[in-house]
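Undergrad: from the sequence below, what's the structure:
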Amino acid sequence: MSNKTMKQRIALVAVSALTAGLFSVASTPVANAAVTGLTVITTDGTTAACKNGTPTAAATPRYMPVGGKQAFTIAGTPTATASMSITGPAKFVGTKTDATPHIIDGSDGKSLDLAATADLWALVEFTGTGTVTVTADDDTDYSLYFIVQASCASGWSAGTSYAQLNTSSTSVTSNVDVAAAATVNYTSAGQVSYLNIDLNDAYGNDAAGASSALIATTTGGCTVNFTESASSGTVTAISTGAGADTDSMIIFGDNTPRTCVITLTLDGTEVAKKTVNFRGDLASLTVNPATTVKYFTYGAAGSSSETVVNANAITYIAKDSAGNVINLPSAPSISDGTGGFQQVSLADSGLYTAATATSNGFATLDVNAASVTVRGKGTYLLKATRQSDGVSVKSAVQSAEINKTSHTFEVAFDKASYQIGDVGTVTITAKDDAGNLVADGDTVGAGVSVVIGGVDMLSTPASGDKYTNGVRTYKFTAKVVPASFGWSVGVTTGSSQSAVTGTIKVVDPVGSVSNAEVLKSIVALIASINKQIQALQKLILKR
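TA: Residues are numbered from 1 along each chain as shown. The predicted structure follows:
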């Protein structure tokens, strides 16, 4: 054999060996195969769930009945050691039936060896009530979560159902009634409210079946109809069939004061009870003197801002013939004014409007005195028009004033003297340049100063402090030292008046006598004794 031939054969053997090695590497099994997930399915023996949930999460388990079955697929290709297990009252009862089935271990059926092949499935049967977890144990664990009930039959459940009064027929996700539907005011178009429902069992499934009956009964004089577009109703109404649990009803009032109670029963079980208050037309209009301004600001137009003078300045209450607070379609106007109130106009408040009185219990008005030329005292009343007959309803006459801001001031204390520990009050009374009490809302300004010796102030005067009924008060506590103390009070903003000064007396509460008074008494006593001694000496000398 020539050297060339020998070299060729050696090369061929080497290539063959190399090629064989490459093929051997390529045929090695993939090492990263594993289970990648579990998915519930509706086929392969699965029975209906009580509530589907999302069983891949423990917080949203699937609810199943005892005896029910659940099939699921096993994603990925299990490793050679992969297995499945069950905790809780359930067992494996079925697996893949082709040439590579799973192997169910043990007589209790709670363990399963997984075949190392893709596209697997298994079937679980639930054998008792309780919590069940099905877990695939591989490189990564995957679980399915179930709660097993005796059966899926539960009937209506308050915890998963809704009944809500609303101003229209709509879907419902709350039991909280809409205020305008629970209290319905007079309207020429006719009073209506709507009761919308969504009735479910404990699992969130529809509570009504094909033979179900939803019955509505009313007391108080209103009528109802399950046909929401109807124009009239009856005291009893009925809705039947599987759709009854999501029906809506219309409730009719008659524009007279009524309190109506609507009761719903589903197949004999009470599922909702609602009260609708129907209001009548305007019967009375009352101004609340406790919260109504008595001293309005000259030249100012109130607005919806609560901090602006003349805003929300008049508080009023409109009522029907039964004494119920009602909403008005528009704010009252001012009427029969005297003095500057002949030039005042009113506007609906931006905070407590005529249309929200039933919610707030009252309404307020902004006072516009921008065009007023007459200052001082005057009277006015409120007027509103009744919708049913156009008759004007008026409030009682109100006395008030339209004044300017501070020009002069006076200071007064509530006592001539204070015992140690007493709480005292200093009152600043401010007047405008016409001598009238200043308007409500006028402030003491940056020039305010209240200095009182021998006391601790309970509130610190600030520029934004407002006058009410012409006065502003500050509280203080008398200290423990009995004596006379000086004070100085000034309100110089808007006024050239100097500060007012004076003294107050703090006395000891024991006998209410100060040290100075005790000393004075001692001096008087000594003087009296001296006189008696002198008289006695004169008498002795005469003898």
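Undergrad: and the helices in this structure?
TA: With DSSP state H as the criterion, the chain has helices at 3-26, 179-182, 357-360, 515-542.
Undergrad: for the most centrally placed residue in the chain, report the pLDDT, please.
TA: Against the mean C-alpha coordinate of the chain, by C-alpha atoms, centre = their mean, the closest residue is Val176 at 11.6 Å. With respect to pLDDT, Val176 has a value of 97.
Undergrad: for the residue nearest to it when sequence neighbours are not counted, which residues are in contact?
TA: Nearest residue to Val176 in three dimensions, chain neighbours excluded: Gln164, at 6.8 Å (C-beta to C-beta, 6 or more residues apart in numbering). (Each C-beta comes from the backbone N, C-alpha and C, glycine too.) Gln164 makes contact with 172, 174-178, 195-197, according to C-beta atoms under 8 Å, 6 or more residues apart in numbering.
Undergrad: hey, what's the residue nearest to Phe296 when sequence neighbours are not counted bridged with?
TA: Among residues not flanking Phe296 along the chain, Ile402 sits closest, at 4.8 Å (C-beta to C-beta, 6+ apart). Residues in a beta bridge with Ile402, per DSSP bridges, are Phe296, Gly376.
Undergrad: before we move on, what about Glu270?
TA: Beta-bridge pairing of Glu270 under DSSP bridges involves Thr265.
Undergrad: report how many residues lie close to it.
TA: 10 (other C-beta atoms under 10 Å).
Undergrad: how close does it sit to Cys260?
TA: Counting by C-beta to C-beta, to the nearest Å, the gap from Glu270 to Cys260 is 17 Å.
Undergrad: distance check, the residue nearest to the centre of the chain against Ala434.
TA: 54 Å.
Undergrad: just Leu199 next, same as before
TA: Leu199 is 70 Å from Ala434, by C-beta to C-beta.
Undergrad: which one of these two has more residues nearby?
TA: Neighbours per residue, other C-beta under 10 Å: of Leu199 and Ala434, the larger number sits with Leu199, 26 against 11.
Undergrad: surely that one meets Gly155?
TA: No: counting by C-beta atoms under 8 Å, Leu199 does not reach Gly155; the two are 10.0 Å apart.
Undergrad: show me the strands in the stretch 1-150 of the chain, by range?
TA: Ranges of strands in the stretch 1-150 of the chain, per DSSP state E, counting those that start in this stretch, are 35-41, 62-65, 69-76, 83-87, 90-95, 103-105, 111-113, 120-126, 130-137, 142-149.
Undergrad: how is the chain carved up into domains?
TA: Per automatic domain parsing, the domain ranges recorded for the chain read 35-149, 158-278, 316-402, 408-512, 516-543.
Undergrad: need these in JSON lines (columns: distance to Leu285).
TA: Below are the domains of the chain laid out as JSON lines (distance: least, C-beta to C-beta, whole Å):
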{"stretch": "domain 35-149", "distance to Leu285": "56"}
{"stretch": "domain 158-278", "distance to Leu285": "14"}
{"stretch": "domain 316-402", "distance to Leu285": "5"}
{"stretch": "domain 408-512", "distance to Leu285": "22"}
{"stretch": "domain 516-543", "distance to Leu285": "59"}
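Undergrad: weakest of those by average pLDDT?
TA: domain 516-543 (a mean of 82).
Undergrad: mind listing what's buried along that one?
TA: For domain 516-543, the neighbour count (16 or more other C-beta atoms under 10 Å) marks no residue as buried.
Undergrad: next one: stretch 434-444
TA: For stretch 434-444, burial by neighbour count (16+ other C-beta under 10 Å) applies to 436-444.
Undergrad: for stretch 396-415, same thing?
TA: With burial defined by 16+ other C-beta under 10 Å, the residues of stretch 396-415 counted as buried are 398, 400-409, 411, 413.
Undergrad: now the end-to-end length of that stretch.
TA: 38 Å (C-alpha to C-alpha, to the nearest Å).
Undergrad: so how far is it from its chain's centroid?
TA: Offset of stretch 396-415 from its chain centre (C-alpha atoms, centre = their mean, to the nearest Å): 39 Å.
Undergrad: and if you look at stretch 337-352?
TA: With C-alpha atoms, centre = their mean, you get 33 Å for stretch 337-352.
Undergrad: quote the end-to-end distance of that stretch.
TA: 24 Å.
Undergrad: likewise for stretch 337-354?
TA: 22 Å.
Undergrad: excluding its backbone neighbours, what's nearest Asn205?
TA: Nearest to Asn205 is Lys51, by C-beta to C-beta, 6+ apart, at 6.8 Å.
Undergrad: swap in Asp177?
TA: Asp177's closest residue in space is Leu165 (C-beta to C-beta, 6+ apart), at 4.0 Å.
Undergrad: and Met84, how far is that from Pro55?
TA: 15 Å.
Undergrad: about what we covered before: quick one: closest of the domains of the chain to Thr297.
TA: Distance to Thr297, taken as C-beta to C-beta, is lowest for domain 408-512 among these, at 3.8 Å.
Undergrad: what's the first-to-last distance across stretch 215-233?
TA: End-to-end distance of stretch 215-233 (C-alpha to C-alpha): 14 Å.
Undergrad: tally of neighbours for the closest residue to Thr275 other than its chain neighbours?
TA: Nearest residue to Thr275, sequence neighbours excluded (C-beta to C-beta, 6+ apart): Val261, at 5.3 Å. The local packing of Val261 (other C-beta under 10 Å) involves 13 other residues.
Undergrad: which residues sit in contact with Val261?
TA: Each residue near Val261 by C-beta under 8 Å, 6+ apart is listed here: 218-220, 273-275.
Undergrad: list the buried residues in stretch 323-334.
TA: Going by 16+ other C-beta under 10 Å, stretch 323-334 has these buried residues: 324-328, 331-332, 334.
Undergrad: no, scratch that, I was asking about stretch 212-222
TA: Residues of stretch 212-222 classed as buried: 212, 214-216, 218, 222 (neighbour count, 16+ other C-beta under 10 Å).
Undergrad: I'd like to know which of those are part of strands.
TA: 214-216, 218 (DSSP state E).
Undergrad: just to revisit the earlier point, tell me the contacts of the residue nearest to Asn205?
TA: Contacts for Lys51 (C-beta under 8 Å, 6+ apart) come out as 62-63, 203-205.
Undergrad: same deal with Ile317?
TA: 285-286, 288, 325, 357, 361-363.
Undergrad: make it 6 Å
TA: By C-beta atoms under 6 Å, 6 or more residues apart in numbering, the residues touching Ile317 are 286, 325, 362.
Undergrad: which ones among those lie within strands?
TA: Those of those lying in strands (DSSP E): Thr286.
Undergrad: re the thing from before, between the contacts of Gln164, which sits nearest Leu382?
TA: Nearest to Leu382 out of the contacts of Gln164 is Val178 (C-beta to C-beta; 29.3 Å).
Undergrad: could you measure that closest one against Asn436, distance?
TA: In terms of C-beta to C-beta, Val178 sits 48 Å off from Asn436.
Undergrad: swap in Ser459?
TA: 27 Å.
Undergrad: repeat for Ala396
TA: 23 Å.
Undergrad: ditto for Thr87
TA: Look at Thr87 and Asn436: by C-beta to C-beta, they are 86 Å apart.
Undergrad: try Ala80
TA: From Ala80 over to Asn436 (counting by C-beta to C-beta), the distance is 102 Å.
Undergrad: repeat that for Gly502.
TA: Gly502 is 25 Å from Asn436, by C-beta to C-beta.
Undergrad: again with Ala153
TA: 80 Å.
Undergrad: repeat that for Val148.
TA: Distance from Val148 to Asn436, by C-beta to C-beta: 83 Å.
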